[in-house]
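Colleague: Following is a predicted model, sequence given first.
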Amino acid sequence: MLHWPVRTLRRAGRVLSFVGYFTGRLVVANVVVAREIVTPGSGLSPGIVEFPLRTRTSTEMVLMALAVGLTPGTLTVAVRPQPPTLFVHGMHAEDPQRFRAELARLQDHLLPAARPVDRDDPGDRDDRADQPEGADR
């Protein structure tokens, strides 16, 4: 059993890891959007993808939708609670699989930060295999 100071430090590390990742993602997305503004029509490939979530709670689902919406060039268009799914619009979604992979990386960083450290098992269960492949929309 992990004691509270250890759990607190691990959780803080997870949150800091997400903040660092998300900050980097924001900087890159802002540069890409700024380039589009300065050179209009240079490479927009808008699209909407269906992205299955590995969320366990509605709070995790909302946090993921907010993180997507805060990133320039992406927008959560719709949320389906069962099964947990986001429909995400992207300015650069020419390759739906690549766009989903970017969303999956965001989710991989967000979920450990949003979830408490388990008292009995310090590692997170890998629940990626539980989700079906998303379809293009």
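Modeller: Received, thanks.
Colleague: Which residue ranges of the protein form helices?
Modeller: For the chain, the helices defined by DSSP state H cover 4-38, 58-70, 96-114.
Colleague: in the last one, what counts as buried?
Modeller: Of the residues in helix 96-114, those with enough neighbours to count as buried (16 or more other CB atoms under 10 Å) are 96, 99-100, 102-104, 106-107, 109-114. (C-beta placed from N, C-alpha, C; glycine too.)
Colleague: picking up where we left off before, mind checking the helices of the chain for the one nearest to T76?
Modeller: Nearest to T76, of all these, is helix 58-70, at 4.4 Å by CB to CB.
Colleague: Can you convert the buried residues of helix 96-114 into a markdown table and add a column each for distance to P72 and pLDDT?
Modeller: A markdown table is the format used below for those (distance: CB to CB, whole Å; pLDDT from 0 to 100):
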| residue | distance to P72 | pLDDT |
| --- | --- | --- |
| P96 | 20 | 94 |
| F99 | 15 | 95 |
| R100 | 19 | 96 |
| E102 | 13 | 94 |
| L103 | 15 | 96 |
| A104 | 19 | 97 |
| L106 | 14 | 96 |
| Q107 | 18 | 97 |
| H109 | 18 | 96 |
| L110 | 17 | 96 |
| L111 | 22 | 96 |
| P112 | 24 | 95 |
| A113 | 21 | 94 |
| A114 | 22 | 94 |
